[in-house]
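# Quick one: sequence plus predicted model below, questions after.
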Amino acid sequence: MSDRDFQLKPLTSSEFVPDINIVGKVSRQNNNLIMSYLLQGDLSIIAIPSLVINPERLDELWQETCFEFFLKIINTSNYWEFNLAPSGNWNVYHFDDYRQGMKKETAFKNLPFSIEHNNNSLKLHLALNLEPIINTEQDLVIGISSVIKTQSGNISYWSLIHPQPEADFHSQENFLIKLEG
């Protein structure tokens, strides 16, 4: 399957939207999810957590600069939320339905992603085998988003679309990219 390019858009009602650009690519090859995010612009105003030596599973990563995506098997109500912090810390949650039944997804013991950071860009690359949670033949939809925190503490919300006036990455309307099995 070929790569699908994406560009995230800021929620315009955010208090402050930094002058940055967030683009990326996603594909599903066999049952491997290949994803990259590229954050570009004046990153000196962005609060980017330092890379840690031993990344770990942590809660509430979305309160800082964080890349996120949501996976859902087509024609089901359950879905997964993946949080990837520039520090290397991560988490995966499973939901039974829209914001219901949240629990940590224990099928993953780590998330294999890398971070490249320089003055004007930050790149995150993930190659994840989905076999622990999804069968190869199941078609998926994905929602892609980011939370960006500035050095001054302002937070902006970035997604493929923002169908509501408030940020809601869990909304099924955000699951726009189909990834066939």
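Nice, I can see it.
# Check the residue lying closest to residue 31 once chain neighbours are set aside and give its pLDDT.
Distances taken as Cβ to Cβ, 6 or more residues apart in numbering put residue 136 closest to residue 31, at 4.3 Å, once the chain neighbours are dropped. C-beta coordinates here come from the backbone N, C-alpha and C atoms, glycine included. Here the pLDDT value assigned to residue 136 is 91.
# quick one: contacts for residue 136?
Contact analysis of residue 136 by Cβ atoms under 8 Å, 6 or more residues apart in numbering lists 30-31, 181.
# Out of those residues, which end up buried?
By neighbour count, with 16 or more other Cβ atoms under 10 Å, those hold 31, 181 as buried.
# Which helix or strand contains the residue most central in space within the chain?
Against the mean C-alpha coordinate of the chain, by Cα atoms, centre = their mean, the closest residue is residue 68 at 1.7 Å. Per DSSP states H and E, residue 68 falls inside strand 66-73.
# so the residue nearest to the centre of the chain makes contact with residue 83?
Yes: if you go by Cβ atoms under 8 Å, residue 68 and residue 83 touch, sitting 5.5 Å apart.
# between those two, what contacts are shared?
By Cβ under 8 Å, 6+ apart, the residues touching both residue 68 and residue 83 are residue 62.
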